[in-house]
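In: One predicted model, sequence on top.
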Amino acid sequence: MPLTQPTHRRPVRRATVLLAVSSVFALLVSLGTQVLPAHAATTLQAVRIIGGHGHAGLYAWGADTIPPGQARAGNVLISDYWNFRITELDQQGNVVGHPITDDGRHAAPYDVAVNPVNGNIAFGDVDLGMQVDIYSANGTYLRSCGNGQLWRYPAWMDYDASGRLAVADSRGHKVVVVNDANCSVLFQFGSQGGGLSQFNTPRGVDFAEDGTLWVNDTNNGRVVQWRLSASSATAVKSYRVNGGDFRGLLARNGELYVVNAGSALVDVYSQATGTRLRSWGGSGSGDGQFVDGGRGITADGSGNIWVGDMPDFRAQKFTPAGGFLLAAPQPPEPPPVGGYAMPEGVAAFADGTVAGVDSFNWRVNVHNADGTPRTAFGTRNVLNYPRGLAADRGQNTLVVGNTDAQNVIKYSLTGQRLWTATGVKPWGVAVDQVDGTIYAAEFASNRIRVIRQNGTLGATFSGGLSNPRGVAVDPVDRSVWVSNQGSGRIVHFSATGQALGSFATGAGQAADLEVNGDTIFLADKGGNRILLYSKTGTPTGTFGSAGSTLGRFQGPTGMDLVGDRLYVIEMGGERIQELRVAVS
């Protein structure tokens with residue numbers, strides 16, 4: 001995951017970097033150029049860069065309010081998820097600043113909480129190390145708690161009036177209370193189950209004015225009230241609430257505000273009786289709506305309600321009754337068409353059209369032959385961190401490996417959804433250009449799933465796979481080659497799944513692969529380079545090194561080969577590089 005995420009696009013640049021490939025693997029690497037013996041048979045030229053960094057202005061995830069007694073009390077802090085920072089908004093929705101920036105010490109911030117005693121800011125840092133990061137009110141890094149030891153998924157948290165931090169461990173099915181001054185555990189409570197004192201995926205947590213802690217007990221379909229002492233917690237009562245994908249929770253003025261991402265609603269209940277009092281929201285991008293449901297929730301200094309609306313690239317402000325007041329920023333600042341946030345797949349066509357799956361912006365970008373952006377399509381409620389992309393050049397369509405949604409979708413180049421194949425969790429995808437058969441690498445299940453051109457599921461095959469990441473169809477004999485992140489090996493199958501062999505690679509992290517004649521190109525994400533092998537597994541060359549200039553790479557992940565052009569998309573560099581392939 002990249003440590004810096006500038007939001008501007010980089011211009012398309014042209015240069016030439018040469019690679020001559022031979023059976024001799026010794027290489028001279030200088031400024032991204034590899035010089036090989038004169039009898040080499042293959043030459044790669046780095047031609048140009050397409051696209052560039054393209055982040056939204058705000059990815060609003062968690063939310064909390066600066067408490068009384070602190071500087072700028074009443075302002076709202078928003079976890080700016082894929083910009084790796086905390087954004088502060090005043091009550092009119094203006095950006096005041098970024099008390100926590102992308103300093104390289106953390107990944108995407110989940111829920112955020114402010115200590116009412118000293119102003120410390122805590123947030124869930126799930127992706128870096130299953131930890132909770134603590135910063136001072138002025139943004140100085142203090143410490144990280146947990147480091148993968150205290151909890152399994154510390155996404156949601158809140159401080160009580162005395163400065164104790166309660167962290168919901170969603171996958172550990174418990175709540176851990178810590179002293180943020182030294183990360184010591186004061187006590188913890190809960191276990192997995194459906195009893196009053198148990199949890200099944202606790203998420204949003206909030207301390208009410210009376211000091212009790214309310215918890216969204218998501219998979220038990222309820223909210224639970226707890227009374228905390230100095231060293232323990234006692235469950236007081238629970239209420240059944242509308243089932244769904246619970247996220248943020250706010251306990252204020254005798255009411256409970258439950259953010260339900262499943263229904264795209266905010267449901268409000270009585271703390272005393274559990275009666276639902278009102279709801280607002282709905283699916284969409286209009287005022288007061290949520291395209292994929294809200295996230296964190298807080299009440300500002302005037303008592304108005306703020307909800308993180310990450311997939312709509314904004315936070316929204318409501319009256320306590322649910323009346324829409326404003327969105328920030330207004331208008332929203334979505335990522336620019338043609339820009340990328342940690343992309344992982346690329347597809348190309350004979351006419352020069354190139355598409356990239358913009359994985360962390362939940363969309364697909366399509367570029368014209370000259371590299372300029374043509375269109376972008378997709379929203380978070382449909383494309384859930386898609387990672388695979390392939391061209392069906394016979395139908396002039398795109399196949400998307402929609403990883404976290406656990407399906408494969410075929411689209412036209414204008415974004416029209418043609419079909420969806422469910423029951424498969426893909427990473428890389430590839431298309432047999434002869435008959436349109438699709439092969440999907442299922443990373444977690446260690447298998448390849450066959451999908452027919454019309455979207456119906458076919459056979460599965462496996463054997464020798466270890467977290468398969470990339471898949472390619474050999475244009476010579478239509479056999480299937482698979483790269484494996486877990487083992488670093490490349491495994492070869494017939495089109496019907498018969499094992500044909502395998503060989504080890506020197507990849508730091510094997511990503512996608514492509515086949516051209518007798519040459520296999522492997523994207524080495526960890527090594528920031530492209531490795532070349534013969535089909536017998538003999539190393540025949542390497543291209544690239546770490547860097548941001550043309551011909552160098554930052555986390556190459558996806559590739560596609562059409563004609564004499566190899567396209568490489570970079571997760572870290574957030575761009576596509578076009579390489580010319582010549583065989584002599």
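Out: Right, received. Where do you want to start?
In: need the contact list for the closest residue to Ala369 other than its chain neighbours.
Out: Closest residue in space to Ala369, ignoring its immediate chain neighbours: Gly352 at 2.7 Å, by Cβ to Cβ, 6 or more residues apart in numbering. Bear in mind the C-beta positions are built from the backbone N, C-alpha and C, glycine included. By Cβ atoms under 8 Å, 6 or more residues apart in numbering, the contact list for Gly352 reads Asn368, Ala369, Asp370.
In: How much space separates the closest residue to the last one other than its chain neighbours from Val583?
Out: Residue nearest to Asp370 in three dimensions, not counting chain neighbours: Gly352, with 7.6 Å by Cβ to Cβ, 6+ apart. Relative to Val583, Gly352 is positioned 20 Å away (Cβ to Cβ, to the nearest Å).
In: can you check Gln70 too?
Out: 66 Å.
In: ok, those two, which is more surrounded?
Out: Neighbours were tallied for Gln70 and for Val583 using other Cβ atoms under 10 Å; the higher tally belongs to Gln70 (17 against 12).
In: quick one: low-confidence ranges for the chain?
Out: 1-40 (pLDDT under 70).
In: Going along the chain, name the helices of it.
Out: 126-129 (DSSP state H).
In: Need the residue closest to the centroid of it.
Out: Phe360 (4.6 Å; Cα atoms, centre = their mean).
In: so who does that one touch?
Out: Counting by Cβ under 8 Å, 6+ apart, Phe360 makes contact with Trp82, Ala341, Met342, Pro343, Tyr385.
In: Could you do Thr273 as well?
Out: Contacts of Thr273 (Cβ under 8 Å, 6+ apart): Tyr239.
In: 7 Å instead, please
Out: By Cβ atoms under 7 Å, 6 or more residues apart in numbering, the contact set of Thr273 is empty.
In: Please apply the same query to Ile569.
Out: Taking Cβ under 7 Å, 6+ apart, one finds Pro343, Glu344, Gly345, Val346, Gly356, Thr557, Gly558, Ile576 in contact with Ile569.
In: same check, this time on Leu256
Out: Trp214, Val223, Leu249, Val268, Tyr269, Gln271.
In: Could I get the full set of strands for the stretch 451-584 of the chain?
Out: With DSSP state E, counting those that start in this stretch as the criterion, the stretch 451-584 of the chain has strands at 457-461, 468-473, 480-484, 489-493, 499-504, 510-516, 519-524, 529-534, 539-543, 556-562, 565-570, 575-583.
In: Which positions in stretch 224-238 come out as buried?
Out: Val224, Gln225, Trp226, Leu228, Ala233, Ala235, Ser238 (16 or more other Cβ atoms under 10 Å).
In: Show residues contacting that stretch.
Out: With Cβ under 7 Å, 6+ apart as the contact definition, stretch 224-238 has outside contacts at Leu186, Phe187, Phe189, Leu196, Ser197, Thr212, Leu213, Trp214, Val215, Asp217, Arg222, Val223.
In: Share the number of residues neighbouring the fourth one, please.
Out: So the one you mean is Leu196. Leu196: 15 neighbours (other Cβ under 10 Å).
In: Over to Tyr153?
Out: With other Cβ under 10 Å as criterion, Tyr153 counts 19.
In: which residues touch it?
Out: Tyr153 neighbours (Cβ under 7 Å, 6+ apart): Val126, Met130, Asp169, Ser170, Arg171, Gly172.
In: From one end of stretch 276-294 to the other, what's the distance?
Out: End-to-end distance for stretch 276-294: 18 Å, by Cα to Cα, to the nearest Å.
In: shouldn't His106 be in contact with Asp127?
Out: No: taking contacts as Cβ atoms under 7 Å, His106 lies outside contact range of Asp127: 8.7 Å.
In: which of those two has more neighbours?
Out: His106 (24 against 15).
In: For the more buried one, give me its contacts.
Out: By Cβ under 7 Å, 6+ apart, the neighbours of His106 are Phe84, Asp125, Leu128, Asp133.
In: would JSON lines of these with neighbour count and distance to Asn446 be doable?
Out: Formatted as JSON lines, the contacts of His106 follow (neighbours: other Cβ atoms under 10 Å; distance: Cβ to Cβ, whole Å):
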{"residue": "Phe84", "neighbour count": "27", "distance to Asn446": "32"}
{"residue": "Asp125", "neighbour count": "24", "distance to Asn446": "29"}
{"residue": "Leu128", "neighbour count": "16", "distance to Asn446": "26"}
{"residue": "Asp133", "neighbour count": "23", "distance to Asn446": "34"}
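In: I'd like those residues written out as a markdown table, with distance to Val424 added.
Out: Formatted as a markdown table, the contacts of His106 follow (distance: Cβ to Cβ, whole Å):
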| residue | distance to Val424 |
| --- | --- |
| Phe84 | 31 |
| Asp125 | 31 |
| Leu128 | 29 |
| Asp133 | 36 |
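In: hmm, back to that, max pairwise distance over the contacts of stretch 224-238: which two?
Out: Farthest-apart pair in these is Leu186 and Arg222; separation 25.2 Å (Cβ to Cβ).
In: Neighbour count: these two, which is higher?
Out: Between Leu186 and Arg222, counting by other Cβ under 10 Å, Arg222 is the more crowded of the two (21 against 15).
In: Would you mind measuring from the nearest residue to the more buried one once chain neighbours are set aside to Val224?
Out: Nearest residue to Arg222 in three dimensions, chain neighbours excluded: Ser238, at 4.7 Å (Cβ to Cβ, 6+ apart). In this structure, Ser238 and Val224 are 4 Å apart, going by Cβ to Cβ.
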